[in-house]
Every structure is written in structure tokens, then in C-alpha cells.
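In: Sequence first, then the predicted structure:
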Amino acid sequence: LWTRDWDEIFNEKNKSLDSLVISQYSWDILFHGHALNAKGASWIAKLAVLCPELRFMFPFARPNGFEASSNCFFIPCSWESGLKEEIKKSRYVAVPSLWSAPIEGALVKSIVCARGVIVADNLSSFCDELPKGLVLKISAIPKFAVQDLRNAIECNWLPDERIKSAWISDFRNLQGNFVNKLLTLLV
């Protein structure tokens, strides 16, 4: 599957991870997803409670009844209205989808654009199909995930740049070629 906005991110010149290091991050963790439990929104909010020293950003208005601590910030935005820029200014982007899908658009965009991506270690989600070293898999159990997250920050975890570059290239070639072939057949 290919989306129109993927053309933009996959055609940008790939920057090395060094160019993504900034002196101060806008957010320690940016949640890239919708305000749904299946996408991991409540799971991230639980991590925020357990990590009061970190700043968490959610790209939607705080839903009624959504419990979140004071270190959670709700800034409604979409990919086109600032989310992409916020992702680039964040220490890590979290895409902890807790449901099975053949592919996660938010995860693909985050891998391409973010400094580093965090996922919940979940055998039934798309992240389980990704190569080791591309994303940081932390425990799906919040009390254990907190230590994984703190360890990543302490050691300044980053994805393996060779694995990331290879995955992006392979994904673009496989998915992009599929779409081009399909469009050729339809025309």
C-alpha cells in the first residue's frame, strides 16, 4: 500500500542521523497515532505517569475522560499541519499500535522522518516484522517499559543507520514498484 504523502517523505534526500541531533528536543516522546486504545494512546499516557521527568506530546485534543498526567501535552495537528515538523524535533516517536495490521502508515512515516522510533514489543503487530536495530522495542507492560525507555534515553539509543537506510530503500522499491505496476495495469 502506498499513500500520496509517502511520495514526499520517501523522495526527500535521506539525512544522516547526525543531522537530526539537536541541542534541545521539543518533546521527549511524541505519540504518533490517534486517540484510540488500539493505537496505544492510553499505554503512552500510562508511561507518562511513570516518567514524570519526560515531556509527552499527543497530536490531538485531549479526549473527554482520557486520563493523562501534567507532563502530557495535547496539540492537535496532522501530518500537513505540523506533525511532521514536531516529529523531527522529538527525541523519540512512539508508535505502539497494539493491534495487528498488515502495515502501519504512522510507523512507516516515523521510521523515515524521526530520529528514533519506539514501539511496544507486540508479536501481533507490524513492528514484529521489522529488522532488529530499526526500532526500539520496549515492553508492552508499562512498569517494565519505563525502565526500557529510561535506558534508551540514558544511552542515547538510535537505530542502526545502515539497517534504517536499507529498510527505507527496500520498502520504497517494493511498495513503490507495486503501485507503479498496479497503475500500469489499470491504465
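Out: Great, that's in hand. These figures come from a predicted structure and were not determined experimentally.

In: can you map out the strands along this structure?
Out: Counting by DSSP state E, the chain has strands at residues 27-31, 56-58, 72-74, 90-94, 117-120, 136-138.

In: tell me the angle the fourth one makes with strand 27-31.
Out: Think strand 90-94. Angle, strand 90-94 to strand 27-31, by axes from the mean of the first three to the mean of the last three CA atoms, to 10 degrees: 20 degrees.

In: mind listing what strand 90-94 pairs with, with the direction of each?
Out: strand 27-31 (parallel), strand 117-120 (parallel) (DSSP bridges).

In: Let's have those strands in CSV, adding mean neighbour count and mean pLDDT.
Out: (C-beta placed from N, C-alpha, C; glycine too.) As requested, the strands paired with strand 90-94 are exported to CSV (neighbours: other CB atoms under 10 Å; pLDDT from 0 to 100):
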stretch, mean neighbour count, mean pLDDT
strand 27-31, 24, 97
strand 117-120, 26, 94
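
In: which ones are touching residue 94?
Out: Neighbouring residues of residue 94 by CB atoms under 8 Å, 6 or more residues apart in numbering: 29-32, 40, 44, 117-119.

In: Of those residues, just say which sits nearest to residue 155.
Out: Nearest to residue 155 out of those is residue 118 (CB to CB; 13.6 Å).

In: my guess is the closest one meets residue 135, correct?
Out: Yes: Residue 118 lies in contact with residue 135 (CB atoms under 8 Å); the separation is 6.9 Å.

In: Quick one: the strands paired with strand 90-94 as TSV, columns for distance to residue 92 too.
Out: Formatted as TSV, those follow (distance: least, CB to CB, whole Å):
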stretch	distance to residue 92
strand 27-31	5
strand 117-120	5
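
In: so which of those comes closest to residue 76?
Out: strand 27-31 (12.8 Å).

In: Need the contact partners of the closest one.
Out: Outside strand 27-31, the residues touching it (CB under 8 Å, 6+ apart) are 40-41, 44, 47-48, 51, 54-59, 73, 86-87, 89-94, 96, 114, 118, 149, 153.

In: Low-confidence regions, the chain specifically.
Out: Low-confidence segments of the chain (pLDDT under 70): 1-23, 99-103, 176-187.

In: Burial check on residue 65, number of neighbours?
Out: Using other CB atoms under 10 Å, residue 65 has 5 neighbouring residues.

In: Throw the strands of the chain into TSV and include distance to residue 161, thanks.
Out: Output for the strands of the chain, formatted as TSV (distance: least, CB to CB, whole Å):
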stretch	distance to residue 161
strand 27-31	21
strand 56-58	25
strand 72-74	30
strand 90-94	16
strand 117-120	13
strand 136-138	14
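
In: closest one to residue 167 among those strands?
Out: strand 117-120 (11.2 Å).

In: Show residues contacting that closest one.
Out: 29, 40, 43, 92-98, 107, 110-111, 125, 127, 134-140, 145, 149, 152, 159.

In: swap in stretch 63-78?
Out: For stretch 63-78, using CB under 8 Å, 6+ apart, the contacting residues are 27, 35, 41-42, 45, 48-49, 51-62, 82-83, 86.

In: Good, we can wrap up now.
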